[in-house]
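[1] How does the following fold in three dimensions:
(chains A and B)
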2 protein chains.
Amino acid sequence: MGFNVMVGQSGGPTAVINASLAGIFQNAIRRGADHVYGMRNGIQGFLEERLADMSEVIRSNLDFEILKRTPSSFLGSCRYRLPQPQEDEAPFRRIFDLLKKYDIQAFFYIGGNDSMDTIDKLSRYGAWIGSPIRFIGVPKTIDNDLELTDHTPGYGSAAKYIGVVMKEIILDARVYGTPYVTLVEIMGRNAGWLTAAAALSVGDDCDGVDMICLPEIPFHVDRFIDKVAAMQKHNQSVVVAVSEGVKLEDGRYVCELSDDVRSKDAFGHTNLTGTARYLSNCIASSLKTKTRAIELSTLQRCAGHVTSRTDITEAYQVGGAAVKAAMEGFTGKMVAIQRISDDPYQVTTMLVDTADVANKEKKVPLDWIDENRTGMLQPYLRYARPLIQAELPPIYIDGLVQHIHL
Amino acid sequence: MGFNVMVGQSGGPTAVINASLAGIFQNAIRRGADHVYGMRNGIQGFLEERLADMSEVIRSNLDFEILKRTPSSFLGSCRYRLPQPQEDEAPFRRIFDLLKKYDIQAFFYIGGNDSMDTIDKLSRYGAWIGSPIRFIGVPKTIDNDLELTDHTPGYGSAAKYIGVVMKEIILDARVYGTPYVTLVEIMGRNAGWLTAAAALSVGDDCDGVDMICLPEIPFHVDRFIDKVAAMQKHNQSVVVAVSEGVKLEDGRYVCELSDDVRSKDAFGHTNLTGTARYLSNCIASSLKTKTRAIELSTLQRCAGHVTSRTDITEAYQVGGAAVKAAMEGFTGKMVAIQRISDDPYQVTTMLVDTADVANKEKKVPLDWIDENRTGMLQPYLRYARPLIQAELPPIYIDGLVQHIHL
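    Numbers count the residues shown, from 1 in each chain, chains lettered A, B, ... in the order given. Below you'll find the model as predicted:
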């Protein structure tokens, strides 16, 4: 007997979010799904009944291969937050009406902690009205801040990108052999996972970054400048990885000390930017050195041209595992990755309650940070190195990486 | 009979400058050179007698392959300008003393128009004192602004990088389907070649950037905002490639309108940065839209992980051609690339006088820019597409791209 599936993508793009979409699509079709519908722009587009039938847009094995390699969200994304049903039931009624209209048995949402809140609310509402529809969350975020999963798909590729470009930035920064401080601003509002990835740059051929400033550690501008000054006595070129989310003791973001235009998004998050630039200006006016601020900006989340094959494979697998979970009758669950061993690296998937993941943030363990609080210790490297291993070569056409879009 | 060679790198890094070094090194050794000495930090380090014997630091074929793939300048670089010998002869005496000490027959300098000034001065001084040493320039710059050569090694890889990441930025920017203006700041002080490369992003799978603002075209902030507003009526997401060097009618750089710390380098060039940020703030305060400023910063010149095989091959070839030219007795020449045909793409090398290249800048032809003055026409695409073709796969070790350093 056939069945139909609805799938959406939410939150910020990653380089491998479409590999999870591919995993859901292919696994559902193989298990006999008649239709796999994609919500355009997540739950927000779904409420407006903007849908795409995946079989009509992914028509060949080549399309499928390119989908896995296309960064950003193929179906489009949103930052829409469902209300509590007891406060406003209207969107829930609308959603369940549409799910009935399209005869949907399973609903998948690929996203981060905000998206798991959506799955949690929908599965609870479904249970309350006695709906048999299964709601399963598929983890995705470069931030790696989801609870109960060893790591999140998207993190490995973003971490690999940061490791690769940090090595290049370090080479570039010391080319003149003159005093030079480079501040590289990395995403991660409250959790420093991505900034920590700068530590991966160390190796036979690279001394690595000189300092890593995580949002988990309160930031002191003056002490920071002193540390940089002390480092420049030994190294002309100092390269610092700094999280966009570093905060002062009083809780203000460092970037709030600068005077740029800022705004908040639908979830009430401040748009953070300008931390590296602010600190670079502080250093330039305190020390006799050239400085440069580099924001990795959106490239760190959408660099489909540098992905971890481990990450893409796992992103695909959690998509397939989500379909399996729905077929087995689970709902209100997120597929999590469980690490069996570091070396050899082995993982499996398991199911966790979305309620235990929604709206929570997993921080970098403080005991993985060195005593100076500006570097990562071996446990972090043991954790992160396996996630960046191996490559899935991009498909180059006419000199550029090929993508697929709706 | 053996001979000895001196080679240096100068100016800003590129992803393929070390392929030219590899070409000089290998060709000189094959032709019987006893020693190929590298100047550390260009002519500045040479004056301090800081040298590396290339055979001692590149010891295997693997080292050699990795050298070709290592971005930034392996030998280090400088921004040192030789005086006129009639004003200050001391550095010339010092240089020729050192060349005598190391029994050098041929001197190669890999760089841009400032570096060709160095070759020009040294060859003239050499002729004046009756020295038999040959001085040959090897072109290198991501800016592609050297006269008398079809293009410069370094440009193809930087252009490819820009094409690749621009496609990713475009995908990322439209993911929410909400009003969004992305300004991508690209290097190029006076010549817009690199910014023009954003035009390469257009293809089957990408509509390309919406606007390209070159330094060749005077910039009007208000008209720019009006154009963006008009574009947003049709496209929610507008992506603009803007040169760091765009100037107002009165000659001031747009970035000078912002209030960031600035300084000048040894050649008296203002450090340009903040153009995209300034314009993004202007748009955010004039139009109801989210904006984002992205500076490609040093990544566009040091992205060894995305290089054009065409570019790397040519960078290697011009190095070899420089050695051949010196052996044939030429001096005061730069190796230029001459295009034989666009399709099939064929090039050869020729020699031009460094005096005709030094301190000059080749701009983007105005008739390659569209009538709105914000897009590139077919002649540019025919010119640039061959330069980004094919890839030299980076060598990944333990998840990251491997480099070699002194």
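[2] Show the model's pLDDT score for A:Gly2.
    We note a pLDDT of 79 for A:Gly2 in this prediction.
[3] Leaving out sequence neighbours, find the closest residue to it.
    Excluding its sequence neighbours, the residue lying closest to A:Gly2 (CB to CB, 6 or more residues apart in numbering or on different chains) is A:Asp34, at 3.9 Å. The C-beta positions use only the backbone N, C-alpha and C, and glycine is treated the same way.
[4] Likewise for A:Asp205?
    Per CB to CB, 6+ apart, closest to A:Asp205 is B:His403, 4.8 Å.
[5] Around chain B, pick out the residues from the stretch 1-150 of chain A.
    A:13, A:40-41, A:45, A:70-73, A:76-79 (CB under 8 Å from any CB of the partner chain).
[6] switch to 6 Å and redo it
    A:13, A:41, A:71-73, A:76-77 (CB under 6 Å from any CB of the partner chain).
[7] list the buried ones in the host helix or strand of A:Ala284?
    Per DSSP states H and E, A:Ala284 falls inside helix A:275-286. By neighbour count on 16 or more other CB atoms under 10 Å in any protein chain shown, the buried set for helix A:275-286 is A:275-284.
[8] so after that helix, what's the next helix or strand?
    Scanning forward in sequence from helix A:275-286 by DSSP H and E, the next helix or strand is strand A:290-295.
[9] okay, that next one in PDB with CA atoms only?
    The C-alpha coordinates for strand A:290-295 follow below in PDB (Å, rounded to 0.1, in the frame of the first residue of the first chain):
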ATOM      1  CA  LYS A 290      48.900  46.200  10.700                       C
ATOM      2  CA  THR A 291      45.600  44.400  11.300                       C
ATOM      3  CA  ARG A 292      43.000  42.700   9.200                       C
ATOM      4  CA  ALA A 293      39.500  41.500  10.000                       C
ATOM      5  CA  ILE A 294      38.100  38.600   8.000                       C
ATOM      6  CA  GLU A 295      34.500  37.500   8.400                       C
END
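[10] Run the angle between that strand and strand B:290-295 for me.
    140 degrees (axes from the mean of the first three to the mean of the last three CA atoms, to 10 degrees).
[11] chain center to whatever helix or strand comes next after strand A:290-295, what's the gap?
    Per DSSP H and E, the first helix or strand lying C-terminal to strand A:290-295 is helix A:299-302. From the chain centre to the centre of helix A:299-302 is a distance of 9 Å (CA atoms, centre = their mean, to the nearest Å).
[12] Likewise for stretch A:193-202?
    Relative to its chain's centre, stretch A:193-202 lies at 15 Å (CA atoms, centre = their mean).
[13] So for it, mean pLDDT?
    For stretch A:193-202, the per-residue pLDDT averages 98.
[14] what do you get for stretch A:256-269?
    Computed over stretch A:256-269, the average pLDDT equals 59.
[15] ditto for stretch A:163-171
    Mean predicted lDDT for stretch A:163-171 stands at 98.
[16] thinking again about what came up before, so the residue nearest to A:Gly2, which state does it fall into?
    Following DSSP: H, G, I helix; E, B strand; the rest coil, we place A:Asp34 in the strand state.
[17] Count residues in the vicinity of it, would you?
    Neighbourhood size, A:Asp34 [other CB atoms under 10 Å in any protein chain shown]: 14.
[18] separation between it and A:His234?
    Using CB to CB, to the nearest Å, one obtains 66 Å as the distance from A:Asp34 to A:His234.
[19] same question, A:Met211
    Distance of A:Met211 to A:His234, computed by CB to CB: 13 Å.
[20] Contact partners for A:Gln317?
    By CB atoms under 6 Å, 6 or more residues apart in numbering or on different chains, no residues touch A:Gln317.
[21] what residues does the stretch 151-300 of chain A put near chain B?
    Counting by CB under 6 Å from any CB, the stretch 151-300 of chain A sits next to chain B at A:160, A:163-165, A:168, A:171-172, A:175-177, A:205, A:261, A:281, A:284, A:294, A:297-299.
[22] By neighbour count, sort out the buried ones in these.
    A:160, A:163-165, A:168, A:171-172, A:175-177, A:205, A:281, A:284, A:294, A:297-299.
[23] follow-up on the earlier one: A:Met211 and A:His234: who's more crowded?
    Using other CB under 10 Å, the more surrounded residue of A:Met211 and A:His234 is A:Met211, with 19 against 8.
[24] how about the more buried one, what does it touch?
    Contacts here follow CB under 6 Å, 6+ apart; on that basis A:Met211 touches A:240, A:374.
[25] count of residues packed around A:Asp343?
    Neighbour count of A:Asp343, defined by other CB under 10 Å: 8.
[26] A:Gly251: neighbour count?
    8.
[27] same check, this time on A:Asp88
    Using other CB under 10 Å, A:Asp88 is surrounded by 11 other residues.
[28] Helices of chain A, residue ranges please.
    According to DSSP state H, chain A carries its helices in the segments A:17-30, A:42-47, A:54-57, A:61-69, A:90-101, A:113-128, A:155-173, A:193-196, A:221-232, A:275-286, A:299-302, A:309-327, A:378-384.
[29] between the ones you listed, which gets nearest to B:Asp103?
    helix A:155-173 (31.8 Å; CB to CB).
[30] Return the residues in contact with the residue nearest to A:Val306 when sequence neighbours are not counted.
    In this structure, A:Val306 finds its nearest non-sequential neighbour in A:Tyr161, 4.8 Å apart by CB to CB, 6+ apart. By CB under 6 Å, 6+ apart, the contact set of A:Tyr161 is A:300, A:303, A:306.
[31] A:Ile136 reaches A:Val323, doesn't it?
    No: counting by CB atoms under 6 Å, A:Val323 is not a contact partner of A:Ile136; they are 8.0 Å apart.
[32] low-scoring stretches of chain A, by residue?
    A:1, A:259-271 (pLDDT under 70).
[33] quick one, domains of it?
    Domain segmentation of chain A under automatic domain parsing yields A:3-141+A:304-359+A:389-401, A:155-302.
[34] For chain B, what's its nearest residue on the stretch 201-350 of chain A.
    Here the residue of the stretch 201-350 of chain A nearest chain B is A:Cys302; by CB to the nearest CB that distance is 4.0 Å.
[35] That residue against B:Glu168, yeah?
    Yes: the criterion here is CB under 6 Å, and A:Cys302 meets it with B:Glu168 at 4.5 Å.
[36] which neighbours do the two share?
    A:Pro71.
[37] Find the residue closest to A:Arg124 in space, skipping its chain neighbours.
    Counting by CB to CB, 6+ apart, the residue nearest A:Arg124 is A:Gly332, at 6.9 Å.
[38] How many residues are close by that neighbour?
    Around A:Gly332 there are 21 residues (other CB under 10 Å).
[39] Help me confirm that it comes into contact with A:Ser123.
    Yes: using CB under 6 Å, A:Gly332 is in contact with A:Ser123, at 3.4 Å.
[40] contacting residues for A:Ala196?
    Applying CB under 6 Å, 6+ apart, the residues contacting A:Ala196 are A:364, A:376, A:380.
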